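Trainee: have a look at this fold, sequence not included:
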């Protein structure tokens, strides 16, 4: 089922800015893993926000997901690759 705009989760891509520019899920936010810990609380202040994390294969997004859970976020999940999240959410891949 494709999420409606009112239920659309926040999609966070934890790849580098260059990887993100080469193709990312439409409407996703780029928070690279190397500065994720320093910026996630500012970018997502509400710990009840539904978040799907993605990267190239699911490894980096899995680390970010674990970090968010340790910080007290309740609705975050590792979506795996950007392509998998694109298909699951019914959103296209955009390129700069």
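Mentor: Structure received. Every value quoted in this text rests on a predicted model; they were computed, and no experiment measured them.
Trainee: where does the chain have low pLDDT?
Mentor: With pLDDT under 70 as the threshold, the chain has low-confidence stretches at 1-7.
Trainee: next SSE after the longest helix along it?
Mentor: Determined from DSSP state H, the single longest helix within the chain is helix 59-70. Sequence-wise, the next helix or strand downstream of helix 59-70 (DSSP states H and E) is strand 76-81.
Trainee: other SSEs contacting that next one?
Mentor: For strand 76-81, the elements it packs on are strand 51-55, helix 59-70, judged by 3 or more CB pairs under 8 Å, 6 or more residues apart in numbering; DSSP states H and E. For the C-beta atoms, the positions are set from N, CA and C on the backbone; glycine is no exception.
Trainee: looking at these, which is buried most?
Mentor: strand 51-55 (a mean of 27; mean count of other CB atoms under 10 Å).
Trainee: sorry, back to before: okay, the helices and strands packed on strand 76-81 in JSON lines with distance to residue 23 next?
Mentor: Output for the helices and strands packed on strand 76-81, formatted as JSON lines (distance: least, CB to CB, whole Å):
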{"stretch": "strand 51-55", "distance to residue 23": "11"}
{"stretch": "helix 59-70", "distance to residue 23": "15"}
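Trainee: quick one: closest of these to residue 18.
Mentor: strand 51-55 (13.1 Å; CB to CB).
Trainee: angle of the closest one against strand 76-81?
Mentor: Counting by axes from the mean of the first three to the mean of the last three CA atoms, to 10 degrees, strand 51-55 lies at 30 degrees to strand 76-81.
Trainee: partners of strand 51-55, with directions?
Mentor: Paired strands of strand 51-55, with direction, are strand 10-13 (parallel), strand 76-81 (parallel) (DSSP bridges).
Trainee: what are the contacting residues of the last one?
Mentor: So the one you mean is strand 76-81. Strand 76-81 has contacts (CB atoms under 8 Å, 6 or more residues apart in numbering) with 11, 50-58, 61-62, 64-65, 68-69, 85, 88.
Trainee: hmm, 10 Å instead?
Mentor: With contacts defined as CB atoms under 10 Å, 6 or more residues apart in numbering, strand 76-81 is touched by 9-15, 25, 28, 40, 44, 47, 49-69, 85-89.
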